[in-house]
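Novice: attaching a predicted model along with its sequence, questions to come.
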Amino acid sequence: METPVFDASRPIAINLRTPGGVKTIRVRFPSDDEWIGRQRRRKVLVKQLGRGISETTVANGEDVDAALVAKLREGEDPEIDAFEAMKVVEQLSLAEVDDVIPDSDSFKVTLRVLGATTVHLLKMPSAKDVFEYRRGFARLLDLPFGRQEVTINIGSAAALYKKLATTTEGYAGEVPIIHQAVAVKAAIDAMDTAFAEDRDASF
């Protein structure tokens, strides 16, 4: 049996379960520029509630996703609302970390993505790499009344991915930026965990 691979050029049919029955939505996979634009337009608001508790919301998430799905759709029927569009984008953006295995100066990251399982071998980033990635990844604005607005730039993750990636498995063509961002974060999180364990063992 042939191993499934992820192919961003292949049309995608997504089934949405609704009170009126199953809706089948046919779309293409977003381009890297479309993913970057979507992330930048989503305004993540963090409100400090006191006593170390905060509330995080995405103010315009459904409108941003509805606009994206409208560009991706192949055919107009059936109609969907903005919240159903969010479900479509949620499925398209699926990239769950199954495993991260350190291997001397590299990390082997396994992702479960839409229709396939993929593997990314990434070199260990330097401290400078991680600093520049984090500085470019999120832009934070302080707003009145104890609120903050965070804008995400996944282009920062893509730049680091291109620097660190040595091999990939499970793709027919290029690795989408949305997968690159998850793989990079997984490798950095694994490195931070290993660093913390080494620090604790020193005391």
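Specialist: Arrived safely.

Novice: next, the contact list for the nearest residue in space to residue 6 that is not next to it in sequence, please.
Specialist: Closest residue to residue 6 apart from its sequence neighbours, by C-beta to C-beta, 6 or more residues apart in numbering: residue 116 at 4.3 Å. C-betas here are computed from N, CA, C, even on glycine. Residues in contact with residue 116 (C-beta atoms under 8 Å, 6 or more residues apart in numbering) are 3-6, 170.

Novice: specify the beta-bridge partners of residue 116.
Specialist: residue 113 (DSSP bridges).

Novice: now it: how far from residue 85?
Specialist: 24 Å (C-beta to C-beta, to the nearest Å).

Novice: show me what contacts the spatially most central residue of the chain?
Specialist: Among the residues of the chain, the one closest to the centroid is residue 178, at 4.4 Å (C-alpha atoms, centre = their mean). Taking C-beta under 8 Å, 6+ apart as the criterion, residue 178 is in contact with 30, 35, 93, 95, 154.

Novice: what helix or strand is it located in?
Specialist: helix 177-201 (DSSP states H and E).

Novice: lowest average confidence, helix or strand, in the chain?
Specialist: strand 138-143 (a mean of 78; mean pLDDT, DSSP states H and E).

Novice: how close does the residue nearest to the centre of the chain sit to residue 49?
Specialist: For residue 178 relative to residue 49 (C-beta to C-beta), the value is 31 Å.

Novice: residues contacting residue 114?
Specialist: 6, 12, 91-92, 94.
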